[in-house]
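Q: from the sequence below, what's the structure:
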Amino acid sequence: MILTTTNSIDGFSIAEYRGIVSGTAVNMQKMKMTFNMEKYYTGISESVSEVKAQAFEQLKSNAEKLNANAVVGINVDIELTTSNYVIVTITGTAVNVIKR
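A: Modelled structure (predicted):
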């Protein structure tokens, strides 16, 4: 599965547009507040990385359900709520590409 933020893929042509797909993930454990800012930011960074990976897996799964072999125009939105939950939403267009 090819994933890209661009609207085209070098060396490939888009043969068919399958539809818009998304993946959303939320960290299930609330981030702990701490007075050590380095630990706090490290925790947020680790949480964002984990949640983003989950959202990408969901995006790929949804694209595969549409029989797509690539997702173009990917947009990643990361939100940290006031309750310290991390929410990642990834959206893109599922397509079928063929090598030129």
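
Q: please name the residues that touch residue 79.
A: Listed by Cβ atoms under 8 Å, 6 or more residues apart in numbering, the contact partners of residue 79 are 86, 87, 88, 89. Any C-beta I mention is one placed from the backbone N, CA and C, and that applies to glycine too.

Q: please disregard the earlier target; I meant residue 71.
A: 1, 2, 3, 4, 21, 59, 60, 63, 92, 93, 94, 95.

Q: doesn't it belong to a strand?
A: Yes: using DSSP: H, G, I helix; E, B strand; the rest coil, the assignment for residue 71 is a strand.

Q: now do it against residue 14, distance only.
A: 11 Å (Cβ to Cβ, to the nearest Å).

Q: who's in contact with residue 12?
A: 2, 70, 97, 98, 99, 100.

Q: hmm, residue 14 and the last one touching each other?
A: No: with contact defined as Cβ atoms under 8 Å, residue 100 and residue 14 do not form a contacting pair (11.0 Å).

Q: mind checking pLDDT for residue 48?
A: At residue 48, the predicted lDDT confidence score is 86.

Q: again with the one 4 residues further on
A: Looking at residue 52, its pLDDT is 94.

Q: list the buried ones in the helix or strand of the chain with the lowest mean pLDDT?
A: Using mean pLDDT, DSSP states H and E, helix 37-65 stands out as the lowest-scoring helix or strand of the chain, at a mean of 88. The neighbour-count check on helix 37-65 (16 or more other Cβ atoms under 10 Å) flags 43-44, 47-48, 51-52, 54-56, 58-60, 62-63 as buried.

Q: mind putting these into JSON lines with distance to residue 76?
A: Shown next, in JSON lines, are the buried residues of helix 37-65 (distance: Cβ to Cβ, whole Å):
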{"residue": "43", "distance to residue 76": "20"}
{"residue": "44", "distance to residue 76": "16"}
{"residue": "47", "distance to residue 76": "15"}
{"residue": "48", "distance to residue 76": "10"}
{"residue": "51", "distance to residue 76": "11"}
{"residue": "52", "distance to residue 76": "7"}
{"residue": "54", "distance to residue 76": "13"}
{"residue": "55", "distance to residue 76": "8"}
{"residue": "56", "distance to residue 76": "9"}
{"residue": "58", "distance to residue 76": "13"}
{"residue": "59", "distance to residue 76": "10"}
{"residue": "60", "distance to residue 76": "14"}
{"residue": "62", "distance to residue 76": "15"}
{"residue": "63", "distance to residue 76": "15"}
